[in-house]
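Trainee: predicted model and sequence below, questions to follow.
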Amino acid sequence: MSDTPVQTSATVLTVRQVQDYHAMTLVAPAIAERFRPGQFVALAVGGEHTSRLVRRCFGVYEVKSDYGGTVEVVFADRDLGTAWLAGRRARDQVDLVGPLGRPFRLPRDPVSCLLVGGGPGGAALFALADTLHRRGCQVHFVLGGPAARQVFGSRMAQRIGDTAVITTEDGSLGERGTVRDVLPRAIQETGADVVYGCGPTRLLRTVTATAAEHGLPSQVSVEEFLQETGACGIGVCMTCVLPIHGEDGVTRMVRACADGPVLRGDRVRWNDLGTIPFDALGAPRALSGGSK
Amino acid sequence: MSTRMQTALGSLELPNPVMTASGCGGTGRELAQFFDLAKLGAFVTMSVMPQPRAGRPTPRMAETPSGLLTAMGLPGPGIESFLERDLPWLQEQDARIIVSVAGNSVEEFAELAGRLRDVSGIAAIEVNVACPNIEDRGRMFAWHPTAAAAVVRAVKTNARVPVLAKLAPDVTDIVTIALACVDAGADGLTLINTMEGLAIDAQTLRPALTGVSGGLSGPAIRPIALRCVYQVHAALPGTPIIGVGGIATGLDALEFVLAGASAVAVGTTLFHDPSAGPRILRELEDALAARRMRLADAVGLAHKPAGYVPPQVRPEPKVDEPGELKERLP
């Protein structure tokens, strides 16, 4: 098995509406075979002669061995590109590149893992849960969103998770509140050894901070940041950069796609997203010119 | 690859005319996951600067109709790290390497050329003239013939390999800038860099990019790029041109060749289609074969009178390339 990504014209198997999101299953054996949890795929939108050049990057919800290998992604209808994807039907072709990015790092021992998700990004946690289970790990879920329709996979989490806590801000599903409210309690009750996060950037910051308060390592996927800033998904366009401080104490601007999307939560400078911190490697100095 | 696709940029001979555009091929490692870089005519690096540079904050990119608006701020590892880590890797790939250089003053350009002078395995240097000149209130070198020429001269006097000047299209008369660069010693011209544009985010009600305006690239600027190539080739028929701007297919590439480009570079299309390089090469080869032309005879053909017929070549019999044959032998 190779770990290099492939580009393929994939056949759409199904597109389903799931709550407020769309779940698309594509036949892509070479991608399914190479996939590791946490990796993502980059989809071209608009067909062969499209005027939309940016690839849409989505974490993979599930790979299956049907039809030689399928890949399922879950996405929100954010713009005309994702609307085009949601309008695909069975047997349509979509140009797909993947699997891309670095996967979640897995614990060596059968430990207790807390998986925290929100929005469509939370879908990527289910492939991880499967792998953790097979390694004998305990898998606990905390999923949250504004309302029931924006919590993806709550029933699945309750079925496959050792425990699952669901929160909604309006109380329409599970506990009324936010992930932030229940996370400290969930960490204590599950005896978590590691916390995984995937979803809105704001949630990942909470996950990182709460895990750190309990002395736990966190692994987070910055998929939403990548979707908002990236163009290519493969690491050539350099538009999806965020500040990370390294082992050597130096802050560098790294690509969410090729250097992520899974990052150690405590390495990300959450307060400085969307900036170039003044102490970052190559940060502009006074009087140096800007440029395009 | 048949000899019919061979091309030359002055003294630099290339097996085929398809390159990556500067800043669109990453370090090369990313694209190498999808195709062999040695199959390209050349790999053009992202612009290297004297120091590491973080670039601009995000958002750096906005999607626009048939294009991309980017304000990157020339991020890069700096020449030190480039020579240590990126260049040796590219050399291992047997790719022909064109190093793009960028500076904020004439001295910085001269310094970069000096650093590259004794480095072997570089096919050419491309001078990114579309850089702000901090000694001139941040105005771009590419906007003024004198400033553009000063930068080219600084690189040329320190270089041992051919020097190409990459020009920006948003000028009153690109031919004037091109003439000044060639007078200053440029061995060839890369036409064009991005064109300045603006996008506004209807949600935030503010410019979509941190840099406010950005460089527009992609098929949206293709007719502008083609016009620049045509005008400059008409004025300087002896100067080799690399055509760049929204090339997405072999026929797009052919248009640039007919307008006067001896080579073409693929940029934004690589973000959309990582295998675009070899695909466009294959499509261009087919398009030329269908017209019974060699690449070299097609360069600038659109400038010839309507009745002019280029030398015709016989259709090439389909034969296995040596590599393919070897693989099939027991």
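Mentor: Perfect, thanks for sending it. Since the model is a prediction, treat every value here as computed from it, not as a measurement.
Trainee: can you give me the neighbour number for residue A:215?
Mentor: Each residue near residue A:215 was counted by other Cβ atoms under 10 Å in any protein chain shown, and the total is 7. Every residue, glycine included, has its C-beta placed from N, CA and C.
Trainee: where does it land in three-state SS?
Mentor: Classification of residue A:215 by DSSP: H, G, I helix; E, B strand; the rest coil places it in coil.
Trainee: end to end, how far does stretch A:115-134 reach?
Mentor: End-to-end distance of stretch A:115-134 (Cα to Cα, to the nearest Å): 15 Å.
Trainee: quickly check: stretch B:124-134 near chain A or not.
Mentor: Yes. Judged by Cβ under 8 Å from any Cβ of the partner chain, stretch B:124-134 and chain A are in contact via B:130-134.
Trainee: got the end-to-end distance for that stretch?
Mentor: 26 Å.
Trainee: with stretch B:301-314 instead?
Mentor: Span of stretch B:301-314 from end to end, Cα to Cα: 19 Å.
Trainee: before we move on, back to that, tabulate the residues of stretch B:124-134 next to chain A (TSV), appending pLDDT and neighbour count.
Mentor: Shown next, in TSV, are those (pLDDT from 0 to 100; neighbours: other Cβ atoms under 10 Å in any protein chain shown):
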residue	pLDDT	neighbour count
B:130	91	26
B:131	87	27
B:132	87	22
B:133	85	24
B:134	84	17
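Trainee: tell me the average confidence for stretch A:50-62?
Mentor: Mean per-residue pLDDT for stretch A:50-62: 96.
Trainee: for chain B, tell me whether that stretch is touching it.
Mentor: Yes. Stretch A:50-62 lies within reach of chain B by Cβ under 8 Å from any Cβ, at A:50-55.
Trainee: and of these, the nearest to residue B:123?
Mentor: Residue B:123 lies nearest to residue A:53 out of the residues of stretch A:50-62 next to chain B, by Cβ to Cβ, at 28.4 Å.
Trainee: quick one: the closest one is in a strand?
Mentor: No. The assignment for residue A:53, made by three-state DSSP, is coil rather than a strand.
Trainee: what about the nearest residue to it once chain neighbours are set aside, neighbour count?
Mentor: Of all residues not flanking residue A:53 in the chain, residue B:272 sits nearest, at 4.4 Å (Cβ to Cβ, 6 or more residues apart in numbering or on different chains). By the criterion of other Cβ under 10 Å, residue B:272 has 23 neighbours.
Trainee: ok, now which ones touch residue B:272?
Mentor: A:44, A:50, A:53-55, A:232, B:248 (Cβ atoms under 8 Å, 6 or more residues apart in numbering or on different chains).
Trainee: again with residue B:52
Mentor: A:281-282, B:76-78, B:80-81.
Trainee: again, 6 Å this time
Mentor: A:281-282, B:77-78 (Cβ atoms under 6 Å, 6 or more residues apart in numbering or on different chains).
Trainee: tell me the pLDDT at it?
Mentor: Per-residue pLDDT puts residue B:52 at 95.
Trainee: next: the one 5 residues further on.
Mentor: pLDDT, the model's per-residue confidence, is 95 for residue B:57.
Trainee: count of residues packed around it?
Mentor: By other Cβ under 10 Å, the residues close to residue B:57 number 21.
Trainee: before we move on, which element is residue B:109 in?
Mentor: helix B:106-117 (DSSP states H and E).
Trainee: what do you get for residue B:155?
Mentor: Assigned by DSSP H and E, residue B:155 falls within helix B:145-156.
Trainee: the helix or strand following that helix near chain A at all?
Mentor: For helix B:145-156, the following helix or strand on the C-terminal side (DSSP H and E) is strand B:163-167. No. Strand B:163-167 does not reach chain A (Cβ under 6 Å from any Cβ of the partner chain); its nearest approach is 13.1 Å.
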